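Q: Let me see the structure of the following:
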Amino acid sequence: MTTTPDSPASGPVADARPERATRAGGLLPADPALRRATLLTVVNSLGNGLYFPLGVLYFTRIVGLDATAVGFGMTVAGLVGVVAGVPAGRAADRWGARQVGALLWGGTGVATAAYVLVDSYAGFLLSVVCATGLQMASRGVQGAIYADVLPAATRVEARAYLRMVTNVGIGVGGVFGAVALQLDTRAAYVTAIVLNALSFLGPALMVRRLPLAPHARDRQPHAAHAPAADRWRAVRDLPYLAVTVLNAVLCVQYTLTEVGLPLWIVERTEAPRWTAALLLIVNCVLVALLQVRVARRASQVPSAVRAMTWAGPLLTASCAAYAVSAGLPAVWAVLALAVGAVVQVLAEVLSAAGGWTLGYELADARAHGVYQGVFGAGMSAGMMAGPALVTVTAIQHGRVGWAVLGVLFAAAGLAVRPAVRWAGRDGDWRGEPA
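A: The predicted structure is shown next:
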């Protein structure tokens, strides 16, 4: 990624020294809205981190459901969430992103709390579809909320900061989740679930108090009275959909660390099993250290395109490193896997920052809700397809499978530039500035 600042003409920020969302050192939010969003994010991510390590085990060990059936139910819930993303975004345009976000988070909290009442598969399916579907639908609405409450000049950096906070919160919550796992009692699992439910209900109350930025106050009435064709423009905007699909392909990378590498390490390499945990820690630490810095240099369209273009080949390089680890002695296998993990982190922070920028800047600012709903649904679809895709390619076919994944990532990254050019971003723009 280039280290030179974006040119003044390359985006909405004309200052050669753009504003920053965080104070010196990147530790404290400078913007009041971002400070409130940080508190909201801390509360929610702590609860999510607490629940993530034990969710599946609660339903299998405590409730007594079959693991395969639980996995199927979660897949169905994910599909519901992907489909619900666009209508949720449209609702955000119609009634306000903060109001719809509060309802979605509140509903997620109530559905999550219902887990403690589950005693049958039907009850599990109902609660998990509601909880997961509402949570995934809220992703695009969150994007619209950030578009409404954060200054456009620092919006991408602010999202990077919130992602850093999310990683830290999930990590801290995960420590307490590990304690619950060690206790392995119904009371411990139920306590974790209730705290996670509260981590959604708290933000549902706080999000309404986020102040609108001036640019959002100016365009609020338009969203409610826009012609029907404008309201659903995102689902007909082929260039925007193309960028969304390419970003979704790059989002498959997130399942490498969570699903692909643990299976690969155990089944195909001589590396010790704890290597999977080591790579996860490396990922979390490096993302926390790098994401804000990278986002500052990918906050305009040209630099965002460069970031995503580089992300694809970097992911290809990480796939090659993972593939090489098979058949090596344990020490060298760990080294190859670590190199791949570091390269993957570089790709991850580049693609995340570039994706945020393009998701906002290529959208029609009059309908951020439905546009962010479409973009969020694409991300959810990519992460949903990831486990099956990684398993069918790398895990089943070894190095050939890694090569297929590498080609897919490279093609997606390299296709971003022509897709953005198709959107006409370098010529006359079709919407008002975000």
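Q: As a check, name the ranges of all helices in the stretch 1-150 of the chain.
A: Listed in chain order, the helices of the stretch 1-150 of the chain (DSSP state H, counting those that start in this stretch) span residues 32-51, 55-57, 67-95, 97-113, 121-149.
Q: tell me the mean pLDDT over the second one?
A: The average of the pLDDT scores along helix 55-57 is 79.
Q: How about the first one?
A: The predicted model gives helix 32-51 an average pLDDT of 87.
Q: Give the other helices and strands that it contacts.
A: Packing contacts for helix 32-51, counted by 3 or more C-beta pairs under 8 Å, 6 or more residues apart in numbering; DSSP states H and E, involve helix 121-149, helix 155-183, helix 186-206. C-beta here means a position set from N, CA and C on the backbone, and glycine is covered the same way.
Q: The last one too?
A: Here helix 121-149 touches helix 32-51, helix 67-95, helix 97-113, helix 155-183, helix 214-225, helix 330-361, helix 368-390, going by 3+ C-beta pairs under 8 Å, 6+ apart.
Q: and what of the third one?
A: Under the contact definition 3+ C-beta pairs under 8 Å, 6+ apart, helix 67-95 sits against helix 55-57, helix 97-113, helix 121-149, helix 214-225, helix 228-231, helix 368-390.
Q: Buried residues in the third one, which are they?
A: The neighbour-count criterion (16 or more other C-beta atoms under 10 Å) identifies 121, 124-149 as the buried residues of helix 121-149.
Q: again, but for the first one
A: Neighbour-count burial for helix 55-57, counted by 16+ other C-beta under 10 Å, picks out 55, 57.
Q: Show me what it is packed up against.
A: Using 3+ C-beta pairs under 8 Å, 6+ apart, helix 55-57 sits against helix 67-95.
Q: Does residue 233 touch residue 373 like I think?
A: No. Residue 233 is beyond contact range of residue 373, at 11.9 Å (criterion: C-beta atoms under 8 Å).
Q: And these two? Which one has more around it.
A: Taking neighbours as other C-beta atoms under 10 Å, residue 233 and residue 373 compare with residue 373 leading, 30 against 21.
Q: for residue 66, phi and psi?
A: phi -70, psi 140 (degrees, to the nearest 10).
Q: didn't it look like it was pressed against residue 60?
A: Yes. In this structure, residue 66 is within contact of residue 60 by C-beta under 8 Å, at 7.5 Å.
Q: contacting residues for the residue of the chain most remote from its centre?
A: Most distant from the centre of the chain: residue 329, at 34.9 Å, with distances by C-alpha atoms, centre = their mean. By C-beta atoms under 8 Å, 6 or more residues apart in numbering, residue 329 lies in contact with residue 270.
Q: phi, psi of it?
A: According to degrees, to the nearest 10, residue 329 has phi -60, psi 160.
Q: What separation is there between residue 67 and residue 395?
A: 18 Å (C-beta to C-beta, to the nearest Å).
Q: The two: who's more crowded?
A: The neighbour count for residue 67 versus residue 395, taken as other C-beta under 10 Å, is higher for residue 395 (17 against 12).
Q: Skipping adjacent residues, who's closest to that one in space?
A: Leaving aside its sequence neighbours, residue 395 sits nearest to residue 263 (C-beta to C-beta, 6 or more residues apart in numbering; 5.1 Å).
Q: Just to be sure, that neighbour is in a helix?
A: Yes. Using DSSP: H, G, I helix; E, B strand; the rest coil, the assignment for residue 263 is a helix.
Q: I figured it hits residue 392, correct?
A: No. Using C-beta under 8 Å, residue 263 makes no contact with residue 392, being 11.8 Å away.
Q: For these two, indicate the residue with more neighbours.
A: Higher neighbour count among residue 263 and residue 392: residue 263, with 15 against 12, using other C-beta under 10 Å.
Q: quick one: the more buried one and residue 396, what's the gap?
A: Distance from residue 263 to residue 396, by C-beta to C-beta: 10 Å.
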